[in-house]
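Participant: Take a look and give me a structure for this.
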Amino acid sequence: MKIKSQNLWRWWAKAIGEKASKCDRESDAVAMIRSVIFVTYLITNCFIIAGVIRHWNDEVPSNLSQAEKEKIIKANRSFLYD
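Facilitator: Alright, predicted model coming up:
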């Protein structure tokens, strides 16, 4: 089954919201703006998730001595930045 790019665009435009006006050109412009907004939301969420994953286990247990805490922090930094 071959899907034409025009059909894909029409389906995408319908998926992001109802048709903005009766004029196809104007509706396409609105669909492009909605697509840009969606992509910026998607990129922002990816950065948020990456930050959470990166800092997931930055806590150092409080029952360790100061020397052990510093050793763990130093090891984490060298692992993350080297």
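
Participant: Now do the residue nearest the centre of the chain against Ser21, distance only.
Facilitator: The centre of the chain sits closest to Cys46, judged by CA atoms, centre = their mean, with a distance of 2.2 Å. According to CB to CB, to the nearest Å, Cys46 stands 32 Å off from Ser21. Any C-beta I mention is one placed from the backbone N, CA and C, and that applies to glycine too.

Participant: Ile37 too?
Facilitator: Relative to Ser21, and taking CB to CB, Ile37 is found at 18 Å.

Participant: what's the burial count for Ile53?
Facilitator: Burial of Ile53, expressed as a neighbour count using other CB atoms under 10 Å, amounts to 9.

Participant: residue ranges for the helices of the chain, please.
Facilitator: Using DSSP state H, the helices of the chain run over 5-15, 24-54, 66-81.

Participant: Remind me what the last one packs against, helices and strands.
Facilitator: Helices and strands in packing contact with helix 66-81 are not found; criterion 3 or more CB pairs under 8 Å, 6 or more residues apart in numbering; DSSP states H and E.

Participant: Likewise for the shortest one?
Facilitator: Judged by 3+ CB pairs under 8 Å, 6+ apart, helix 5-15 is in contact with helix 24-54.

Participant: tell me which residues of the helix it packs on are tucked away?
Facilitator: Within helix 24-54, the residues scored as buried using 16 or more other CB atoms under 10 Å are 27, 30-31, 34.

Participant: Present those residues as a markdown table; the columns should include distance to Glu68 and pLDDT.
Facilitator: A markdown table is the format used below for the buried residues of helix 24-54 (distance: CB to CB, whole Å; pLDDT from 0 to 100):
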| residue | distance to Glu68 | pLDDT |
| --- | --- | --- |
| Ser27 | 63 | 90 |
| Val30 | 59 | 93 |
| Ala31 | 57 | 92 |
| Arg34 | 53 | 95 |
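
Participant: Report the distance from stretch 14-28 to the chain centre.
Facilitator: Distance of stretch 14-28 from the chain centroid (CA atoms, centre = their mean, to the nearest Å) equals 26 Å.

Participant: for that stretch, how far is the first residue from the last?
Facilitator: Taking CA to CA, to the nearest Å, the span from the opening residue of stretch 14-28 to its closing residue is 10 Å.
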